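*Asks:* A predicted structure for the sequence below; I have some questions about it.
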Amino acid sequence: MTKKSRALKYVAYHEAGHAVVALAVGERIGRVWVDGRIGSARVLATDHPSQLAADFARAIALLAGPLAQARCQHVSVVLAMVMSSGPGGDCAKLRALVPDLGAQESVERSAIAVVRHEWRAISRVAEALLKRGSLTAAEVRGLRASAGRRRSRAAARRRRRG
């Protein structure tokens, strides 16, 4: 794998993390795309019971990009956050959304759990991004749903055997 294709893979996992986790926490998304060393997962405003719930969901989706990239790269979460710490990066957006350090730790724990749970879907979306370059919200939802069905079938087989 060339350095350029490796960088694109990391960007794809980063954006897939944002998109899949946004859906998992009840956010809506727009188009997701990658191109060279940049990408975007557009998360749209969603009605939540409170502003606090909306900020928490948005913060989890924000943090999911660097977490998915870190897992793909086999690097620490701290390093992934440093890579996303530019002026307009995910870290700056997270600090603006959740300025309290204690709340940031809660967001981090939640985001790690959701990324772990949604990993199969994140991988499928990232691989599709690498092949196609962009995905619609409906395509991301479809890939996420099919990843969940497969996980359910595998769990059912394990239950039957055990």
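*Replies:* On my side now, so go ahead.
*Asks:* check which helix or strand covers Val114.
*Replies:* In this assignment (DSSP states H and E), Val114 forms part of helix 101-117.
*Asks:* any residues touching stretch 28-41, and which ones?
*Replies:* Stretch 28-41 is contacted from outside by 4, 7-8, 11-12, 14-16, 18-19, 22-23, 42-46, 65, 125, 129-130, 133-137, 140, using CB atoms under 8 Å, 6 or more residues apart in numbering. No exception for glycine: its C-beta is placed from N, CA and C like everyone else's.
*Asks:* So which of those belong to strands?
*Replies:* Among the contacts of stretch 28-41, the residues falling in strands (DSSP state E) are 42-44, 134-135.
*Asks:* can you put those residues in JSON lines and add distance to Gly30 and pLDDT?
*Replies:* Converted to JSON lines, those look like this (distance: CB to CB, whole Å; pLDDT from 0 to 100):
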{"residue": "Arg42", "distance to Gly30": "3", "pLDDT": "83"}
{"residue": "Val43", "distance to Gly30": "8", "pLDDT": "83"}
{"residue": "Leu44", "distance to Gly30": "6", "pLDDT": "78"}
{"residue": "Ser134", "distance to Gly30": "11", "pLDDT": "95"}
{"residue": "Leu135", "distance to Gly30": "10", "pLDDT": "96"}
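*Asks:* what's the closest of these to Val82?
*Replies:* Val43 (22.3 Å; CB to CB).
*Asks:* so what's Ala61 up against?
*Replies:* The contact partners of Ala61, by CB under 8 Å, 6+ apart, come to 18, 21-22, 25, 27, 43.
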